[in-house]
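Undergrad: sequence-free structure coming up:
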């Protein structure tokens, strides 16, 4: 189906050709075409757009002077092309063609309107955390600097682009990730071919590629084939970690992708416990100084996901009960709710002054609500209900047998949670202009100083097959904010988050891992 609006429209009934002129907007196959003039032949399903052509689909925007498009083949040609490619969505946004007719664009506005619309400030919905610190992980602080490390958007110019449902071929193309002109670094090629290998992986082949620095220095580029992979990968050769309880302190690991497809990903990460090997002495090649972790992610359907994790803290198979931690979780979207089934073995949880507690095994299901805004009040409502069969430690002697080897018991556990949250902006400053010397000097987006207040009220009720119950009402008030713009070399960014939490409860859990203390 084609939807067309324009200042003037004409239809030639004999030739079955309609012509639209002046502010033309045409929707087709999940895309939005904006041009000065569009002519469509209904017999052969050919369209020709001329003058300030802009083709928008999802997060991708292509511009040019002339577009020839075949609706049947899902193929076309764009002359004097330029635009932007948003890499995380290329697998779906660039898939023009008849097989995607069911896809619709998210916004019903033209490219001219979106290009002229000013950037809007983004405010927090009111969720609060606690964190003060220094370092690179500023993304954990509300309103802080987003975590970088990946190229997400590319700009390009080309004399001509021929595209099909499976990719495109560009002539005399220039590509850069610099959002400003003139760009400091440009990749040029006589020809570039973009091929969609899988929903999460694309491939770009270039002919005679070269890099141009500051519009002057040109160097050959010796990678004619570049893979654009949106799957999560470890960038370092080795990773360091610290685990004093299971791995004896400092350890190193390296992750390897064993299986990778569109729906299933499985990886292994061998580990060497450096500190434990040094402290214990003897041969560093003992089985107890080595371990590994395994990771499984599967998406059997668009609404279903499966996630499995396993950790072996020793290769000594004589004590597997104390050397293995594992979990398997399956999630299914049911309407706007999420239904999750999970089994875990020796899961480690933190419980206030009781410290880390180990849940020996747990099998159950939980139904999680979406975020619900109550009218115009700005109050956010969430809730969840769940049931589990749990084996974990207790200090209740009346539940323990006299002849036992540990202090664990097995009980059914039923829990319901309801939470109300509301955020208030007490003060908001102004962001710097989005220029390379001001607002975007050290941050991918201009930062807006602010001070916010968040209020949360959460009720939790738990019941156990032992007859015990535990009810808690948890109220919290928090103050969070940030000052500075992250545009100077020193002392130009400070973030804070302070919260007061009050518990009001009755009853007591027979387990230690979820007991209110």
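TA: Now that the structure is in, tell me what you want to look at. This structure is a prediction, so every number in the text was calculated from the model and none was measured.

Undergrad: for the stretch 1-150 of the chain, what are the low-confidence residue spans?
TA: By pLDDT under 70, the low-scoring segments of the stretch 1-150 of the chain are 87-150.

Undergrad: for it, what spans make up the helices?
TA: Under the criterion DSSP state H, counting those that start in this stretch, helices of the stretch 1-150 of the chain are mapped to 90-93, 111-116.

Undergrad: got it, and the stretch 151-300 of the chain?
TA: Taking DSSP H, counting those that start in this stretch, the helices of the stretch 151-300 of the chain run over residues 274-280.

Undergrad: remind me which residues of the stretch 401-517 of the chain are low pLDDT?
TA: In the stretch 401-517 of the chain (pLDDT under 70), no residue qualifies.

Undergrad: where exactly do the strands run in it?
TA: Using DSSP state E, counting those that start in this stretch, the strands assigned to the stretch 401-517 of the chain run over residues 408-428, 450-464, 469-484, 493-507.

Undergrad: Which among those is found nearest to residue 8?
TA: Evaluated with CB to CB, these place strand 408-428 nearest to residue 8, the distance being 45.3 Å. C-beta: built from backbone N, CA, C; applies to glycine.

Undergrad: hang on, isn't residue 461 packed against residue 416?
TA: Yes. The pair residue 461 and residue 416 passes the contact test of CB atoms under 8 Å, sitting 5.2 Å apart.

Undergrad: Compare these two and say which one has the larger neighbour count.
TA: Neighbours were counted for residue 461 and for residue 416 using other CB atoms under 10 Å; residue 461 has more, 17 against 14.

Undergrad: So that one versus residue 366, what's the distance?
TA: 14 Å (CB to CB, to the nearest Å).

Undergrad: and of the strands of the stretch 401-517 of the chain, who's closest to residue 36?
TA: Nearest to residue 36 among the strands of the stretch 401-517 of the chain is strand 408-428 (40.4 Å), distances taken as CB to CB.

Undergrad: what separates that closest one from the chain centre, distance-wise?
TA: For strand 408-428, the distance from its own C-alpha centre to the chain's C-alpha centre is 23 Å (CA atoms, centre = their mean, to the nearest Å).

Undergrad: That one pairs with which strands?
TA: strand 379-393 (antiparallel), strand 450-464 (antiparallel) (DSSP bridges).

Undergrad: what does the first one rub up against?
TA: Under the contact criterion CB atoms under 8 Å, 6 or more residues apart in numbering, strand 379-393 has outside partners 125-126, 357-374, 406-422, 511-513.

Undergrad: could you redo the last one with a cut-off of 6 Å?
TA: With CB atoms under 6 Å, 6 or more residues apart in numbering as the test, strand 379-393 has contacts from 359-364, 366-369, 371-374, 407-408, 410, 412-422, 511-513.

Undergrad: Just the buried ones out of those residues, please.
TA: Those of the contacts of strand 379-393 that meet the buried threshold are 359-362, 364, 366, 368-369, 408, 413, 415, 417, 419-422, 511-513, by 16 or more other CB atoms under 10 Å.

Undergrad: ok, for residue 305, nearest residue in space, not its chain neighbours?
TA: Excluding its sequence neighbours, the residue lying closest to residue 305 (CB to CB, 6 or more residues apart in numbering) is residue 331, at 4.9 Å.

Undergrad: Name whatever forms a beta bridge with that neighbour.
TA: Partner residues in beta bridges with residue 331, using DSSP bridges, are residue 305, residue 340.

Undergrad: Contacts only, for it.
TA: 305, 338, 340.

Undergrad: any idea of the mean pLDDT for stretch 220-232?
TA: Averaging pLDDT along stretch 220-232 gives 78.

Undergrad: scratch that, stretch 327-337
TA: 95.

Undergrad: buried stuff in that stretch?
TA: Residues 327, 328, 330, 331 are the ones in stretch 327-337 that count as buried (16+ other CB under 10 Å).

Undergrad: Show me the strands in the stretch 201-350 of the chain, by range?
TA: Using DSSP E, counting those that start in this stretch, strands in the stretch 201-350 of the chain cover 201-207, 210-213, 217-220, 225-229, 239-243, 249-253, 256-260, 264-272, 290-301, 304-312, 324-334, 337-350.

Undergrad: And for residue 176, nearest residue in space, chain neighbours not counted?
TA: Using CB to CB, 6+ apart, the closest residue to residue 176 is residue 183 (4.1 Å).
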